[in-house]
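# coords please:
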Amino acid sequence: VVATAGTTDTGQIDPIPEIADLCETHGAELHIDAAYGGPLLFSPAHRTKLTGIERAHSVTLDLHKLGWQPAAAGLIAVADPTRLHALNHTADYLNADDDTEAGLPDLLGRSLRTTRRPDVLKIAVTLRALGRDGLAHLVDRTCALAAELAALLHAHPAFELYAHPTISTVLFRPTTADDDTLAALRRTLLTEGRAVLGRARTADGRLWLKATLLNPHATTGDLHALLELLEGSTPR
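Okay, here's the model as predicted:
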């Protein structure tokens, strides 16, 4: 069973404790995709959103999102290390024992992606430099900015807010735009280099603009500037 702790489209988090209960009842393994929301664990203010994650058999995190790491900085964590035994599989053409014993580098043992560099050092340096408290500050600041943007959109008559953000993803749309106009607006802002916004289609079939805030150094002024840009670019 796979539960999601931070969906790509909306940032929503599945009811992890309830899912874990069902898995225990039926003897199913539980994997949690915390690629987006995993770093909430650093924050005392937000970690309760991930209550129950410790009951998972495996968890994935993608620290290039809310961890400010390179794109390749993904992790898998397991409660039982024996679950990683499959990674010990070797192929003679990649890491023959006699080559390894002769001193040739064992590339397969250095990265899950074989010849590509591992980014674990960058993760380790970040943790060493900032610590849990430093990362918690960045997480809290980013989530606060998302909440502030959502409040501004909710109060603005020109925009419709999808929902209060769970993490740092804010979905919204101009009140006067249909889906085709919204899609064209997003492409125009992107190609003209004025704003980079995502898009998401929700369960109700509607298309929304998606602002995923990941810069903890953004300001309230930046948020107001975004709204002014969007308001001025939306066809009446």
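
# contacting residues for the nearest residue to Gly37 once chain neighbours are set aside?
Using CB to CB, 6 or more residues apart in numbering and skipping the chain neighbours, the partner closest in space to Gly37 is Gly6 (2.9 Å). All C-beta atoms are positioned from the backbone trio N, CA, C, and that covers glycine. Applying CB atoms under 8 Å, 6 or more residues apart in numbering to Gly6 gives the contacts 12-13, 34-38, 40, 166-167.

# what does the pLDDT read for Gly6?
Confidence at Gly6, expressed as pLDDT, is 97.

# try Arg236
Reading off the model, Arg236 has pLDDT 65.

# I'd say Asn215 and Ala146 touch.
No. Asn215 lies out of contact with Ala146 (CB atoms under 8 Å); the separation is 11.0 Å.

# which one of the two has more residues nearby?
Neighbours were counted for Asn215 and for Ala146 using other CB atoms under 10 Å; Ala146 has more, 23 against 13.

# pretty sure that one sits against Thr166.
No. Applying CB under 8 Å as the test, Ala146 and Thr166 come out as separate, 9.1 Å apart.

# picking that back up, what about the residue nearest to Gly37, distance to Leu66?
To Leu66, Gly6 is 8 Å away according to CB to CB, to the nearest Å.

# please identify the helix or strand for the residue nearest to Thr220 when sequence neighbours are not counted.
Spatial nearest neighbour of Thr220, excluding adjacent residues (CB to CB, 6+ apart): Glu148 at 6.5 Å. Per DSSP states H and E, Glu148 falls inside helix 120-155.

# can you tell me the average pLDDT over that helix?
If you average the pLDDT over helix 120-155, you get 95.

# and it, what does it pack onto?
strand 159-161, strand 169-174, helix 220-233 (3 or more CB pairs under 8 Å, 6 or more residues apart in numbering; DSSP states H and E).

# would you reformat the ones you listed as JSON lines and include mean pLDDT and distance to Ala77?
Shown next, in JSON lines, are those (pLDDT from 0 to 100; distance: least, CB to CB, whole Å):
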{"stretch": "strand 159-161", "mean pLDDT": "97", "distance to Ala77": "34"}
{"stretch": "strand 169-174", "mean pLDDT": "97", "distance to Ala77": "23"}
{"stretch": "helix 220-233", "mean pLDDT": "93", "distance to Ala77": "34"}
